[in-house]
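Novice: how would this look folded up:
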Amino acid sequence: MLYIIKRSLIAWEHSCRDIQHLIQRGFALNDDKITIGLNANITPFMQSSTVAAYVQDTPKKVPGLSDLHRMTTILLGEGATEAAHILVVGAGGGLELLAMAQAQPDWRFTGVDPSPAMLDIARQTTASYADRIELVTGKVDNAPHILFDGATCLLTLHFLDRSERLHTLRQIRRRMKQGSQIVIAHHAAPDSNSLQWLTRSTSFAANPVKAASSAKTMAERLVLLSASEEEALLREAGFLEPSLFYAAFSFRGWVAIAG
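Specialist: The predicted structure is shown next:
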């Protein structure tokens, strides 16, 4: 009996170590299940209660968000056909899907996001255009292996470290037609004082009294690259001619061509 109890305790200890190992590698516990392959920045988006107000809150946090979506559509249109098929990475919430679907009635979209909760919001947001939108649960690796006429990755890449970001951009490039365009936008480091720029962004988004503490938390969690680093990463992933087109406090946006 003592032998059985001892074996059980050893197994339990090993199980605890395995779970801790997963957490250290960026995996997370979610609803008593292990969410595989997600880093700690993304796991909050897995909770329905956390993301319930995403559609209402995000335009208040990102300066000129509707204009960013409009510019994105224009830039994609330069390299896309009239009946384009666009890949949208980080499609949860559905705001950019909605904007592009409204502006381009002949375009189709495949959106991918690791959060089922965020995709549920996207389905609600884009319900009127559901016949032209396919939503896939997962990371970019789970997107169809077809050649798209353009791609977007908005408000997403700042959650990923450099290696994850490069992998994501490479996977997007492999799914794009040569000469088509990608549009990315996220928090970056405009200069050496990235904390100040984040504070300005959080002041825009919320009570200025809380801006400094919010910005400090973001600076600790997000991966902020300089403009030269961002453009070098795009080139390394197989894109040509990266060009800055959007700047709003700590947010930056680039367009590049699939080489």
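Novice: All the strands of the chain, residue numbers only.
Specialist: For the chain, the strands defined by DSSP state E cover 28-30, 33-35, 85-89, 108-113, 133-137, 148-154, 176-187, 239-248, 251-258.
Novice: These: which one's closest to residue 222?
Specialist: strand 176-187 (5.6 Å; Cβ to Cβ). Bear in mind the C-beta positions are built from the backbone N, C-alpha and C, glycine included.
Novice: Check which helices and strands the closest one sits against.
Specialist: Counting contacts by 3 or more Cβ pairs under 8 Å, 6 or more residues apart in numbering; DSSP states H and E, strand 176-187 is packed against helix 65-79, strand 148-154, helix 162-174, strand 251-258.
Novice: quick one: that strand to strand 85-89, angle?
Specialist: 40 degrees (axes from the mean of the first three to the mean of the last three Cα atoms, to 10 degrees).
Novice: got the contact list for the residue nearest to residue 83 when sequence neighbours are not counted?
Specialist: Among residues not flanking residue 83 along the chain, residue 106 sits closest, at 4.9 Å (Cβ to Cβ, 6 or more residues apart in numbering). Counting by Cβ atoms under 8 Å, 6 or more residues apart in numbering, residue 106 touches 82, 83, 84.
Novice: Out of the residues you listed, which one has the lowest pLDDT?
Specialist: Lowest pLDDT among the contacts of residue 106: residue 82, with 88.
Novice: Backbone dihedrals for it, please?
Specialist: phi -60, psi -30 (degrees, to the nearest 10).
Novice: Could you report the distance from it to residue 179?
Specialist: 16 Å (Cβ to Cβ, to the nearest Å).
Novice: what's the answer for residue 193, then?
Specialist: 38 Å.
Novice: do the same with residue 185
Specialist: Taking Cβ to Cβ, one finds residue 185 at 21 Å from residue 179.
Novice: same check, this time on residue 101
Specialist: 23 Å.
Novice: out of those two, which sits in the busier spot?
Specialist: Each of residue 101 and residue 179 has its neighbours counted (other Cβ atoms under 10 Å); residue 101 has more, 23 against 12.
Novice: Nearest residue to that one in space, please, no chain neighbours.
Specialist: Going by Cβ to Cβ, 6+ apart, residue 101 has residue 129 as its nearest residue, at 4.0 Å.
Novice: so how many other residues sit close to the one you found?
Specialist: 18.
Novice: same thing with residue 128?
Specialist: Residue 128, neighbours per other Cβ under 10 Å, totals 11.
Novice: Equivalent analysis for residue 220, please.
Specialist: Neighbours of residue 220 using other Cβ under 10 Å come to 8.
Novice: how much space is there between it and residue 229?
Specialist: Taking Cβ to Cβ, one finds residue 220 at 19 Å from residue 229.
Novice: give the contact list for residue 181.
Specialist: Per Cβ under 8 Å, 6+ apart, neighbours of residue 181: 75, 76, 78, 79, 80, 150, 151, 255, 256, 257, 258.
Novice: wait, doesn't residue 120 sit right on residue 52?
Specialist: No: between residue 120 and residue 52 there is no contact under Cβ atoms under 8 Å: 10.1 Å.
Novice: Can you pick out the residue with more neighbours from these two?
Specialist: A direct count of neighbours by other Cβ under 10 Å for residue 120 and residue 52 places residue 120 higher, at 16 against 12.
Novice: how about the more buried one, what does it touch?
Specialist: Contacts of residue 120 by Cβ under 8 Å, 6+ apart are residue 48.
Novice: Export the contacts of residue 181 as CSV, with columns for distance to residue 138.
Specialist: Output for these, formatted as CSV (distance: Cβ to Cβ, whole Å):
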residue, distance to residue 138
75, 26
76, 22
78, 29
79, 26
80, 24
150, 20
151, 16
255, 25
256, 24
257, 26
258, 22
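Novice: which one of these has the most neighbours?
Specialist: residue 150 (29 neighbours).
Novice: who's in contact with it?
Specialist: Counting by Cβ under 8 Å, 6+ apart, the residues that residue 150 touches are 76, 79, 80, 84, 86, 87, 176, 180, 181, 182, 183.
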